[in-house]
Each structure stands twice: as C-alpha cells, then as structure tokens.
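1. The sequence and its predicted three-dimensional model are supplied below.
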Amino acid sequence: MSALSTPEIQGLGQNTLRLRKLQGLGVLCGFAAGAWLGAAEAPTKLVAVGVSPVVISLIMVIGVFLARWSLPALILGTSSIHADVRRAPHLIVWAILAGCLWAVANTLTIFAIRDIGLSVAFPLWNSNSLLGIFWGFVFFNELQQAGWRRWTGVLGGALVMCAGAALLALASSTQAPAAHPTRGVWAALGAGILWGTMYIPYRKAYLTGMNPLSFVTFFTFGELGMMAALAVSYLGVLPLWHELLRARDVLFWLMLGGFIWVIGDLFQQYAAKYVGISRGIPLSNSNQLWGLLWGILVFGELRGRDASLYGQVIGGSLLMMLGVGAIAFSSAGGAEEMRWKEAARREAWRYGIAADDVEARMEGRQAPGQVQRGRSAWDWLLVIGATSVLVFFATIARVPQISANWGPAVALAGALLVLLFVCGLRLWRTTRFQ
C-alpha cells in the first residue's frame, strides 16, 4: 500500500475539519429548535378560553402551511425546490408520508392532553428520542463503530433527559383525576412512536442531499391534508365551520404559533441533517424545558404551589440540561462518519443519484454544476400572499383574556431572537442554507 501524498493528507484534514464544523452547527440547530418548538406550545393555552383542541391544531397547521412555502421562497427561492424535485422526485413521497405521520401524531396528543393533561403526556410522547436513536442505528448506520463513550453520551443523555422530563411532569401536574388515564397514556405513547418514526423520511432525504427547505414544503401537503381530514371526521363539516367562526378572534394567534413552530422545525431539520436523528431528536426535545419556562414564568402555572414542587422543577431542569449536554458533546467520530457515508452511498445507488452530488450536499456545499438562482416574481407573490393572510386575521384578532406576565415573555422572546440570529447567520456562512 502506497503512502498518501501531501495534498491527499491535506484534503483529508480539511474534510475532517469541515465535518466537525457541520456537527457543531447541527448541535446549535438542535438547541435553537428546542427553544422555538417550546415557544410554539404557548398557543395551546387558548384551550382555556373555550377553543376546541382540534380547531387549534388545524389552524396552527394552516399557519404552518403558509410558513413552509413562504419562508423557503424568501430564503432561497422556489427554484432550488424545483431543482431538488427534478434530481430526486422519490423524496416527495417520503416528505408527504412524514407530514401524514405528523398530523396523526398531533391528533393523538390532543386526546392525550384531554385525558391525562399536558404535563403528564409531554414526557410520554418525548419518548420519540429513544425511538429515533434506534431507527438511526438500524437504518442509517448512526452510532455504529462510535465507541462506548459516544454510545454512553447519546443513549445515557437521552435516558437522563427522560428522567428529567418525568420530574418536570410531576412538578407541573395539577393532580386532577383523569377521566380515561389508560387511553390517554396509550395516545401519548402512540404519538411518540409516530413522531419517532417520522424522522426516518427526514434522514433518508438528507442522506441523499435534499435541502431541508425543499423537504418541508412537500411535508406540509401531507400534514395539512391529513389534519383537515381528521378535523372533518372528528367534528363534521358544519360543526367545524361553526367552531372556526366562533374562534375567528383568535385565529391569528394560532397561525402565528404555526409560524413559530416552523422556525423551530427548520432548525430541527438541519440538526437531523448534520448530526443525525439519534442526536438531533433528543436535542430538539429540550423544547419541554422551554415550554415549562413559558408555563411557569409567563402563565404562572405553578403559582402558589409548595417549595417541594419547585425543587422538582429545578431538579428536572438540571437533569434535562445534563442530558442535553451529554448528547451535545458526543459528536460522531471518524469511524462513525464513514458508516454515515456508506448509508448515503447506498441511498444514492438505490435511487440513481450521482455519488459526488450526494457527498457535496451532505457536507453543506453546492453540488457540482449546481447553479444558485435568485428569487423570482412567484417567490415574492408567495411571501406577499402569506403575509397578507396573516395581516387580515391580525386586523380581526383580539388579545385573549389570559393572565400573563409580560416581562418574562419579552425576555424569552428576546432569547428566541438571539438564537434565530446566531444560528441563522452561522447556517448562512457555513452552508448557504444547503
């Protein structure tokens, strides 16, 4: 075997440095995803003013639909979406399937919240972290040849996060008797299974180089179509219409919640692309910690409770942060990265995609021969149309009569904007949102 030449050695070093930078970016995206996904839970407080949970879910999905088309058009333009479709049309099916899985899982969470409450259901459906680790290992060579330290960091971190989530659930539980506790538990676990399985299409798409901004646009067709079908089947057409009319004063806030959720989900998509689903899902599941901050600081959910409950909150929060830290520092090593590339080559061979094209996109670079086009008039029409819909509903909106502390709300919103700026800027500088 001949020795490597100096240029080859330098190329390997540069490639390794690039992968390390992408993994750091993926971890940062996972943190940002947790913060924004946690903030998107705030609109569920509208249940307290009499809005049907099914209507809340449906309108938030409509907001998601508007955001999933307008944001990619604003960031890169729809020409990049068209190029991805021509290059790998099979991924459209996987994106729509992922959207359908999300809609069914989201509907199950409605029943879980109704039967056992949000505080108990949340850690149950966040079991998708463990399922994501399993699917990543089985299908995409994640954690294979990673070594016991990285295995301990990822799996141990996920288990510690689950333990922290359980403590937070105990702390935030109202102790109200549940009407159907068994049904609620199964609904929450079913949501976790579906959400954990939903990440298989995510990783499949990104191993073959699809841009996350392209994937989410088709994801939302399955999401909106399935959610609309579920809402009609659950309420009926006329009752659903009457519910929408009664809730017209708060539809804007629900759509805005959908926009917030999409920003978090976009960061989650990039986390899944650059650190894999076995690491990206647990990192984004720190949304429970952020959701609890909104619940306690902004909406005063634990006001008047005894000191032992606050001890559980602090202990659970520390456990979750410890688990997140363990996962964040368990980056993939050289052997595991080679296994990732084997999985990518397998996907490229299966669907007839050029290997160098797949490798470039995995590394956040433009593929050979790829031309970045500017935004067209159609892109600006999408942005203007989505903005007009939001402005229209904002003009008929009213502020819900919910007790809230606006000082902590402003502070948490400021933290979201900082994460958005820092993570968005780093994504642009490192990958140009590839």
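-> Noted; the coordinates are in hand. Numbers count the residues shown, from 1 in each chain.
2. in the helix or strand hosting P408, what counts as buried?
-> P408 is part of helix 406-431, with elements assigned from DSSP states H and E. By neighbour count on 16 or more other C-beta atoms under 10 Å, the buried set for helix 406-431 is P408, A409, L412, L416, L419, L420, C423, G424, R426, L427, T430, T431. Using the backbone N, CA and C atoms, a C-beta is placed for each residue, glycine as well.
3. Which secondary structure elements does it sit against?
-> The contact analysis (3 or more C-beta pairs under 8 Å, 6 or more residues apart in numbering; DSSP states H and E) places helix 406-431 against helix 6-39, helix 251-275, helix 287-293.
4. Could you tell me the angle between that helix and helix 251-275?
-> 40 degrees (axes from the mean of the first three to the mean of the last three C-alpha atoms, to 10 degrees).
5. tell me the mean pLDDT over helix 406-431?
-> Here helix 406-431 scores 89 as its mean pLDDT.
6. how distant is that helix from the center of its chain?
-> Between the centre of helix 406-431 and the centre of its chain there are 16 Å (C-alpha atoms, centre = their mean, to the nearest Å).
7. same deal with stretch 90-103?
-> 14 Å.
8. And for stretch 20-36?
-> The answer for stretch 20-36 is 12 Å, by C-alpha atoms, centre = their mean.
9. likewise stretch 291-300?
-> So, by C-alpha atoms, centre = their mean, the centroid of stretch 291-300 is 20 Å from its chain's centroid.
10. Okay, buried residues for that stretch please.
-> The neighbour-count check on stretch 291-300 (16+ other C-beta under 10 Å) flags G291, L292, L293, W294, G295, I296, L297, V298, F299 as buried.
11. Contact partners for the residue nearest to the fourth one when sequence neighbours are not counted?
-> Which is W294. Distances taken as C-beta to C-beta, 6 or more residues apart in numbering place A42 nearest to W294, at 5.3 Å, with adjacent residues excluded. Residues counted as contacts of A42 (C-beta atoms under 8 Å, 6 or more residues apart in numbering) are G257, W294, V298, F299.
12. circling back: CSV please, covering the buried residues of stretch 291-300 and showing pLDDT.
-> Output for the buried residues of stretch 291-300, formatted as CSV (pLDDT from 0 to 100):
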residue, pLDDT
G291, 76
L292, 74
L293, 79
W294, 80
G295, 75
I296, 75
L297, 79
V298, 80
F299, 74
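13. export those residues to TSV and tack on distance to L213?
-> Conversion of the buried residues of stretch 291-300 to TSV gives the following (distance: C-beta to C-beta, whole Å):
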residue	distance to L213
G291	26
L292	30
L293	29
W294	27
G295	31
I296	34
L297	33
V298	31
F299	33
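14. what's the residue closest to the geometric middle of this protein?
-> D265 (3.3 Å; C-alpha atoms, centre = their mean).
15. in the stretch 51-200 of the chain, which segments are predicted with low confidence?
-> 113-114, 116-123, 141, 145-148, 165, 168-181 (pLDDT under 70).
16. if we can go back for a sec, of all the helices and strands packed on helix 406-431, which one comes closest to E243?
-> Nearest to E243, of all the helices and strands packed on helix 406-431, is helix 251-275, at 10.8 Å by C-beta to C-beta.
17. which residues sit against whatever helix or strand comes next after the closest one?
-> Going down the chain from helix 251-275, the next helix or strand is helix 277-284, by DSSP H and E. When contacts are defined by C-beta under 8 Å, 6+ apart, helix 277-284 is touched by residues 26-27, 29-31, 33-34, 37, 128-129, 132-133, 135-137, 140, 142-143, 154, 157-158, 161, 196, 199-200, 202-203, 264, 267-268, 271-275, 323-324, 327-328, 330.
18. Can you list phi and psi of G352 for me?
-> Main-chain torsions, G352, degrees, to the nearest 10: phi 70, psi 40.
19. Tell me which residues touch L235, please.
-> Per C-beta under 8 Å, 6+ apart, neighbours of L235: S52, V54, E243.
20. In which helix or strand does the closest residue to the first one other than its chain neighbours reside?
-> The reference is to S52. Nearest residue to S52 in three dimensions, chain neighbours excluded: E243, at 5.1 Å (C-beta to C-beta, 6+ apart). Taking DSSP H and E as the definition, E243 sits inside helix 237-246.
21. Report all helices and strands that that helix contacts.
-> Using 3+ C-beta pairs under 8 Å, 6+ apart: helix 237-246 touches helix 53-75, helix 212-235.
22. what about the ones you listed, which gets the closest to A354?
-> For those, proximity to A354 was assessed by C-beta to C-beta; helix 212-235 is nearest, at 17.3 Å.
23. To A88, which of the helices and strands packed on helix 237-246 lies closest?
-> helix 212-235 (9.2 Å).
24. what about stretch 361-378, start to end distance?
-> End-to-end distance of stretch 361-378: 26 Å, with C-alpha to C-alpha, to the nearest Å as the criterion.
25. Quick check: mean pLDDT of that stretch?
-> Here stretch 361-378 scores 68 as its mean pLDDT.
26. roughly how far apart are L319 and A415?
-> Remark: distance between L319 and A415 (C-beta to C-beta, to the nearest Å) = 21 Å.
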